[in-house]
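Visitor: sequence and predicted structure are below.
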Protein chains: 2
Amino acid sequence: MRHTKIQPQFSCEACKSREHSLFGALCGAQLHEISESKSCTLYRKGQILFHEGTRPLGVFCINQGKVKVYKLGYDGKEQIVNIAGEGGLLGYKALIAEEPYSVSAETLDDCTICFLPRQSFLEALSSSTDLNQRVLKQVCHELGVMNENLTHQAQRTVRERLAITLLKLRDTYGMDYFDDGPIEINLTREDLANMVGTATETLIRLLHEFKDDALISTQGRKIQIVDSKGLAKAANLY
Amino acid sequence: MRHTKIQPQFSCEACKSREHSLFGALCGAQLHEISESKSCTLYRKGQILFHEGTRPLGVFCINQGKVKVYKLGYDGKEQIVNIAGEGGLLGYKALIAEEPYSVSAETLDDCTICFLPRQSFLEALSSSTDLNQRVLKQVCHELGVMNENLTHQAQRTVRERLAITLLKLRDTYGMDYFDDGPIEINLTREDLANMVGTATETLIRLLHEFKDDALISTQGRKIQIVDSKGLAKAANLY
DNA sequence: GGATTTTCCTGACTTTTATCAGTTTTTTGG
DNA sequence: CCAAAAAACTGATAAAAGTCAGGAAAATCC
């Protein structure tokens, strides 16, 4: 077995991912505070950050890599509710709500992720009006997005949902590249099916349809989006 | 046409619904503040409080009655995301997120509902740490609930979702009565279908199954829950 | 880099759920 | 209370998506 955890060290002040994150607005002193409290860990692909149903002990801040956030159905099937990337903050909602995690989180790549203990996060939250406002605004925004997700799940066909999901993944996987460049989605077919909310076989068949229609291309597991406009049309948005 | 709006007057201080609401913790001075700013209106059944896509001008606080909160699919089909009752606060998420409403709201009964202008609400939010914390906690909690809703929508059969929905409606419609008493759900079949995320015909057929299984009884539109445990079993939770 | 495991894929079939068309019942509003 | 409108219901049919089983390809890990 390879090493699973090492302790890379760097400060939040110098963290590139922070700018895009909820901590983006913290001022010098407060930033230093959390930078001192955090610990940073290298996770291998496939490791669990936290399990649904357990109590949150702090928050996770993704420095590098992707993390899938999912809920388990009673038959063990995963429903993926989010793919978080660089700058993503995980686990703070359960912490604020004072509830057990409603979801689990697992790394999709090798990841560098910092952990900020509960108390430090809560202190930052109460001492920084700005952080507080950003978090509140973010959460309210996410609820709007969830309303939309739920409506899509309830009313759209699997084909439409797949198109919508691929377009969203373009943003998730596209941040590193320039906008129009080819985006590679690197998820297993099963994970993709668990995002869309369908059976793996159905998903595979639809991917082939999209390939035949020249909306995407594939190389092994990897999916490239070829025709965003065509996908938007297949999604029947608006 | 009957009168659509009158202006009943009473203070937030004396409002019974407030105790169960997010404003429950406001202290005397702050309470007086919002009580002075609000206006109170009687809405007739079927009136729209706000439309998806428009800009929020303030928040609505339900004193009496039920309100359905829904999103429109592109073919005009409603997806009901919530039924709000006494003490429910509507429209504050879009306001905080500084976004247009992601949903619409329509009264299901004759309702008494107060309106608090944007500025007054935001001032209360920033002047009361307690209110701020309650709102933040509430939205974080709701996101956990939405994760669950989404997973149910994606993974459960219509039958299971109907059972889950009926059990949830028991809480919505049960507040006025003692716990074990018979609860009457007074929604159209179409609204119920739009909560469950299915076709009206399918919903009707399933209601008859539940009736045959003695889980519910019906009188015209009204549905009574007869066997909560049986419904929980039909829902296959856990 | 090669064996092993995992994932991907395909076809046949079943089940679930939606759709359509028409009738009956209930609710609504004057 | 009565007429009109809306909602509830029923049966037949179609479409969408899930399941199962087996084989091919790819990714993983020493």
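Guide: Cool, got the structure.

Visitor: C-alpha from now on. contacts and neighbour counts both.
Guide: OK.

Visitor: number of residues surrounding residue A:204?
Guide: Using other CA atoms under 10 Å in any protein chain shown, residue A:204 has 15 other residues around it.

Visitor: excluding its backbone neighbours, what's nearest it?
Guide: residue A:189 (7.0 Å; CA to CA, 6 or more residues apart in numbering or on different chains).

Visitor: roughly how far does the one you found sit from residue A:170?
Guide: 16 Å (CA to CA, to the nearest Å).

Visitor: number of residues surrounding the closest residue to residue A:109 other than its chain neighbours?
Guide: Take residue A:109 and drop its neighbours on the chain: the residue closest to it by CA to CA, 6+ apart is residue A:45, 4.3 Å away. Residue A:45: 16 surrounding residues under other CA under 10 Å.

Visitor: how about residue A:202?
Guide: Using other CA under 10 Å, residue A:202 has 12 neighbouring residues.

Visitor: so which strand or helix has it?
Guide: Using DSSP states H and E, residue A:202 sits within helix A:200-212.

Visitor: contacts for that helix?
Guide: A:159, A:162, A:189, A:190, A:192, A:193, A:194, A:216, A:217, A:218 (CA atoms under 8 Å, 6 or more residues apart in numbering or on different chains).

Visitor: can you tell me which of those are up against DNA strand D?
Guide: Among the contacts of helix A:200-212, proximity to DNA strand D is found for residue A:159 (CA under 7 Å from any atom of the strand).

Visitor: farthest pair within the contacts of helix A:200-212?
Guide: A:194 and A:217 (20.4 Å; CA to CA).

Visitor: list the buried ones in the helix holding residue A:202?
Guide: A:200, A:203, A:206, A:207, A:210, A:211 (16 or more other CA atoms under 10 Å in any protein chain shown).

Visitor: how about the residues of chain A near chain B?
Guide: Applying CA under 8 Å from any CA of the partner chain, we find that chain A lies next to chain B at A:71, A:73-74, A:79, A:81, A:93-94, A:96-99, A:102-103, A:136-144, A:146-155, A:197-198, A:237-238.

Visitor: what mean pLDDT does the longest helix anywhere in chain A have?
Guide: Counting by DSSP state H, the longest helix found in chain A is helix A:129-155. Taken as a whole, helix A:129-155 carries a mean pLDDT of 97.

Visitor: show me what secondary structure element comes after that helix.
Guide: Next element after helix A:129-155 (DSSP H and E): helix A:158-174.

Visitor: next SSE after that next one?
Guide: Helix A:158-174 is succeeded, C-terminally, by strand A:184-185 (DSSP H and E).

Visitor: hmm, who's touching that following strand?
Guide: So strand A:184-185 is contacted by A:169, A:170, A:173, A:174, A:222, A:223, A:224, A:225 (CA under 8 Å, 6+ apart).

Visitor: from those residues, which shows the smallest pLDDT?
Guide: residue A:174 (77).

Visitor: that one against residue A:186, yeah?
Guide: No: counting by CA atoms under 8 Å, residue A:186 is not a contact partner of residue A:174; they are 11.5 Å apart.

Visitor: which residue is nearest the centroid of chain A?
Guide: Closest residue to the average C-alpha location of chain A: residue A:84 at 1.6 Å, with CA atoms, centre = their mean.

Visitor: surely that one meets residue A:69?
Guide: Yes: Residue A:84 lies in contact with residue A:69 (CA under 8 Å); the separation is 7.4 Å.

Visitor: hmm, the helix or strand that contains residue A:190 touching DNA strand C?
Guide: Following DSSP H and E, one finds residue A:190 within helix A:189-196. Yes: Helix A:189-196 is in contact with DNA strand C by CA under 7 Å from any atom of the strand, via A:189, A:190.

Visitor: what's that helix in contact with?
Guide: A:77-82, A:158, A:161-162, A:165, A:199-200, A:203-204, A:221.
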